[in-house]
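**Q** Sharing a sequence plus its predicted fold:
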Amino acid sequence: MGRIYNGMPAADLGTEGWHKPWSGGNGGSCVEAMRLSDGRIALRQSTDPDGPALIYSHNEIARFIQGAKAGDADFLVM
């Protein structure tokens, strides 16, 4: 695999290893996540698996999840 970068085509990361941790009840449209070999996390839109992948560090994802659990992201769903 070549250089992994934010915004790269998700298809370039392959088809194996994608998970839908936030799936359910939305007509099949959900975020999929993949743990990369260097510990970073790739996210893609399930309805556009060939579209761009957003690449985050482990710490960025951990902080987002901690903040979401604490209610810091509630404004996104109001």
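**A** Cool, the structure landed. Since the structure is predicted, the reported quantities are computational estimates derived from the model, not experimental observations.

**Q** how close does the most centrally placed residue in the chain sit to Met78?
**A** The structure's the chain has its C-alpha centroid closest to Leu43; by C-alpha atoms, centre = their mean the separation is 2.0 Å. Here Leu43 is placed at a distance of 22 Å from Met78 (C-beta to C-beta, to the nearest Å). Placement of C-beta: from N, CA and C, glycine included.

**Q** Okay, now the unreliable bits of this structure?
**A** Applying pLDDT under 70 to the chain picks out residues 1, 22-28.

**Q** Strands along that one, start to end?
**A** In the chain, the segments counted as strands under DSSP state E are 31-35, 41-45, 54-56.

**Q** how near is Arg40 to Arg63?
**A** The value you get for Arg40 to Arg63, if C-beta to C-beta is used, is 14 Å.

**Q** swap in Ile55?
**A** Distance from Ile55 to Arg63, by C-beta to C-beta: 15 Å.

**Q** Those two - which one has more neighbours?
**A** Ile55 (19 against 13; other C-beta atoms under 10 Å).

**Q** who's in contact with the nearest residue to that one once chain neighbours are set aside?
**A** Distances taken as C-beta to C-beta, 6 or more residues apart in numbering put Asn6 closest to Ile55, at 4.6 Å, once the chain neighbours are dropped. By C-beta atoms under 8 Å, 6 or more residues apart in numbering, the contact set of Asn6 is Ala53, Leu54, Ile55.

**Q** wouldn't the first one be in contact with Pro9 here?
**A** Right, Ala53. Yes - between Ala53 and Pro9 there is a contact under C-beta atoms under 8 Å: 7.1 Å.

**Q** Among the two, which residue is more densely surrounded?
**A** Ala53 (25 against 12).

**Q** and the more buried one, backbone torsions?
**A** Main-chain torsions, Ala53, degrees, to the nearest 10: phi -100, psi 140.

**Q** what sits against it?
**A** Counting by C-beta under 8 Å, 6+ apart, Ala53 makes contact with Asn6, Gly7, Met8, Pro9, Ala10, Asp12, Leu13, Ala42, Leu43, Arg44.
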